[in-house]
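Q: Have a look at this prediction, sequence included:
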Amino acid sequence: MQFLWPQLLWLLLALPLLAAAYLYVISRRKKTALLYGSLALPRAALGPRQRLRRHIPPLLLLLALGTALLACARPSATVTLPSDTLTLVLAMDVSRSMEATDVEPDRLTAAQQAARDLIVDLPASVRLGIVSFAGTAAVVLPPTSNRRDMLDALDRLHLQRGTATGSGLFQALAVLFPDDGIDLEAILFQDDAARTELQGRPLDESAALNGGRKRPQERPAVEPGSYRHGAVILLSDGRRTSGPDPLDAARMAAKRGVRVYSVGFGSPQGTYGTGSLLSYYMQLDEPSLRAVATMTGGEYFQAGSAADLSQVYRKLSSRFALERKETELSGLFAAASVLLLVAACALSMLWFRR
């Protein structure tokens, strides 16, 4: 627990002084008490329970005052609460390497089945969108809460050439922020224009071409991971072969506070695959995937099998169901103070009529 106004905690030093003042008043009362011919009568009338009762209302009053002072210092703590409505975008690699059979029956089929398990376990408050990427990226399913549409979208995935991890992440951000003008074609064009400029194109011509393209809306940068209404799961089994750098897309996500949970699917050591009369070597780009997750406040997972991937998705699903938030507890402390004060007054009236 921490306090937003910790300087007010110094007022708690007054509580021992008030307790000392109470004890002093009690001792003064004893000295000025009426003299009885015999002390047996008042002692028998009071009894040990009565002598204890007389101190309970003042003690409750002292606790009420201390709790009120804590409320004034504005305590806060990180608590786990049910999450609000959240939009989740699943960006799946559908490059030709996903046909490898090192994960039975093959990587794509295993990834689809794990995604189906994720959909089944998703809380009702979560909307899901699906983006696929290979040589480029495409929106397979806009965000929806219809589970049937999600499952049908997974069946429409098909393999393509290339691995444009950055394109997949940019497209996922465009799905999360449809009003921000994040245009993947414009981003790709800007990269091509920059390369053409280096090859000798005049600066004014390149600037004119860039000026005619739609640019993403500039947002004030926020703390990475602070966006509470959406997140991205990025699944990839290989290295980028085309498209923008995924770290550039991660910087855009970090500026918007979006967490990216990256999943490396397959063996980190790599393996050989064959398809369409071509053989190729497949290896995870763990440094890039880990960097994307770290930069955005997310987390990187490595899944070497279908069971590992399903377990990763289960972990993520439970995180989306419950959300850890920094919550101010001043109202709770103030309510406790009022209850203690009411209890002190009620007991004083009930036992002593005052």
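A: That came in fine, so what should we check first?
Q: Sort out which residues of stretch 176-186 are buried, please.
A: Across stretch 176-186, burial judged by 16 or more other CB atoms under 10 Å covers Leu176, Phe177, Ile182, Asp183, Leu184, Ala186. Every C-beta, even on glycine, is put in place using the N, C-alpha and C of the backbone.
Q: The spatially closest residue to Arg314 that is not a sequence neighbour: how many residues sit nearby?
A: With sequence-adjacent residues excluded and distances taken as CB to CB, 6 or more residues apart in numbering, Arg314 is closest to Asp121, at 6.3 Å. By the criterion of other CB atoms under 10 Å, Asp121 has 16 neighbours.
Q: Tyr22 too?
A: If we define neighbours as other CB under 10 Å, then Tyr22 has 15 of them.
Q: That one is in what secondary structure piece?
A: helix 14-31 (DSSP states H and E).
Q: one step back: the residue nearest to Arg314 and Pro178, how far apart?
A: 26 Å (CB to CB, to the nearest Å).
Q: now Gly298
A: In terms of CB to CB, Gly298 sits 21 Å off from Pro178.
Q: again with Leu188
A: 19 Å.
Q: Same question for Pro58.
A: 62 Å.
Q: On the three-state scheme, Leu157 is what?
A: coil (DSSP: H, G, I helix; E, B strand; the rest coil).
Q: hmm, back to that, sort out which one of the buried residues of stretch 176-186 lies nearest Gly264 for me.
A: Leu176 (22.0 Å; CB to CB).
Q: Find the nearest non-adjacent residue to the closest one, please.
A: Gly230 (4.6 Å).
Q: got a list of what that neighbour touches?
A: If you count contacts by CB atoms under 8 Å, 6 or more residues apart in numbering, Gly230 has them with Leu86, Thr87, Leu88, Val89, Leu176, Val258.
Q: neighbouring contacts of stretch 304-321?
A: 82-83, 86, 88, 103-104, 110-111, 113-115, 117-118, 121-123, 126, 231, 233, 261, 263, 265-268, 301-303.
Q: what's the answer for stretch 235-245, then?
A: In contact with stretch 235-245 (CB under 8 Å, 6+ apart) are residues 90-93, 95, 97-98, 100, 107, 111, 133, 135-137, 162-168, 170, 187-188, 191, 246, 262-266, 282-285, 288-289.
Q: Which of these are buried, as a PyMOL select command?
A: Only the buried entries of those go into this PyMOL selection, using 16+ other CB under 10 Å:
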select buried, resi 90+91+92+93+95+97+98+100+107+111+133+135+136+137+162+163+164+165+166+167+168+170+187+188+246+262+263+264+265+266+282+284+285+288+289
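Q: So which of the contacts of stretch 235-245 sit within strands?
A: Within the contacts of stretch 235-245, residues falling in strands by DSSP state E are Leu90, Ala91, Met92, Asp93, Phe133, Ala137, Ser262, Val263, Gly264, Phe265, Met282.
Q: Strands - which of the contacts of stretch 304-321 land there?
A: Reading strands off the contacts of stretch 304-321 with DSSP E, I get Pro82, Leu86, Leu88, Val126, Ala231, Ile233, Tyr261, Val263, Phe265, Phe301, Gln302, Ala303.
Q: Could you dump those into a markdown table and include pLDDT?
A: Shown next, in a markdown table, are the ones in strands among the contacts of stretch 304-321 (pLDDT from 0 to 100):
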| residue | pLDDT |
| --- | --- |
| Pro82 | 52 |
| Leu86 | 85 |
| Leu88 | 93 |
| Val126 | 88 |
| Ala231 | 94 |
| Ile233 | 95 |
| Tyr261 | 96 |
| Val263 | 94 |
| Phe265 | 89 |
| Phe301 | 94 |
| Gln302 | 91 |
| Ala303 | 90 |
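Q: Restricted to buried residues, select those residues in PyMOL.
A: Buried residues among the ones in strands among the contacts of stretch 304-321 (16+ other CB under 10 Å), as a PyMOL selection:
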select buried, resi 86+88+126+231+233+261+263+265+301+302+303
